[in-house]
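Chemist: A predicted structure for the sequence below; I have some questions about it.
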Amino acid sequence: MGGLSPRQLQQTRDFIAEHLANDIWLDDLAELTGLTAKHFARAFKQSTGLPPHQYLILQRIEAAKRHLIDGKMSLASIALACGFADQSHFAATFRRAVGASPGAWRLEYAK
């Protein structure tokens, strides 16, 4: 069993990028590619090295970093714009992924 086709992978990445602020379900991604959820999850991991949920979280963290560097949005606004339930969920997830709080990271990397 192989991974996703290049077209399926690009469709999935584009969909995730365009819908970061929304709930994204495995079934939605599978339907987008014409696969069952189980088959999609396996093929996605084979193609990216990450399970879909972990990939989604990392994309949300990367989007949050861009907003933090920009410095124009509050942490609560960034949390919602990047699909986190609230600022607390964002801060906890960011700290686990990056090793620093969003505020501390912003102070270190923002221009």
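Modeler: Nice, I can see it.

Chemist: T93 contacts F84, correct?
Modeler: Yes: at 6.5 Å, T93 counts as touching F84 under the criterion of CB atoms under 8 Å. The C-beta positions use only the backbone N, C-alpha and C, and glycine is treated the same way.

Chemist: need the overlap of contacts for these two.
Modeler: Common neighbours of T93 and F84 are listed as R60 (criterion: CB atoms under 8 Å, 6 or more residues apart in numbering).

Chemist: check G71 and give its pLDDT.
Modeler: Looking at G71, its pLDDT is 89.

Chemist: skipping adjacent residues, who's closest to it in space?
Modeler: Nearest residue to G71 in three dimensions, chain neighbours excluded: A110, at 4.9 Å (CB to CB, 6 or more residues apart in numbering).

Chemist: count the neighbours of the one you found for me.
Modeler: Close neighbours of A110, defined as other CB atoms under 10 Å, add up to 11.

Chemist: ok, it - contacts?
Modeler: Here A110 is in contact with 68-71 (CB under 8 Å, 6+ apart).

Chemist: quick one, which of those residues are buried?
Modeler: Neighbour-count burial (16 or more other CB atoms under 10 Å) applied to the contacts of A110 gives L68.

Chemist: make a markdown table out of the contacts of A110 and add distance to G3 and secondary structure.
Modeler: Listed next are these as a markdown table, based on distance: CB to CB, whole Å; DSSP: H, G, I helix; E, B strand; the rest coil:
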| residue | distance to G3 | secondary structure |
| --- | --- | --- |
| L68 | 32 | helix |
| I69 | 32 | helix |
| D70 | 34 | helix |
| G71 | 38 | coil |
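
Chemist: perfect, that will be all.
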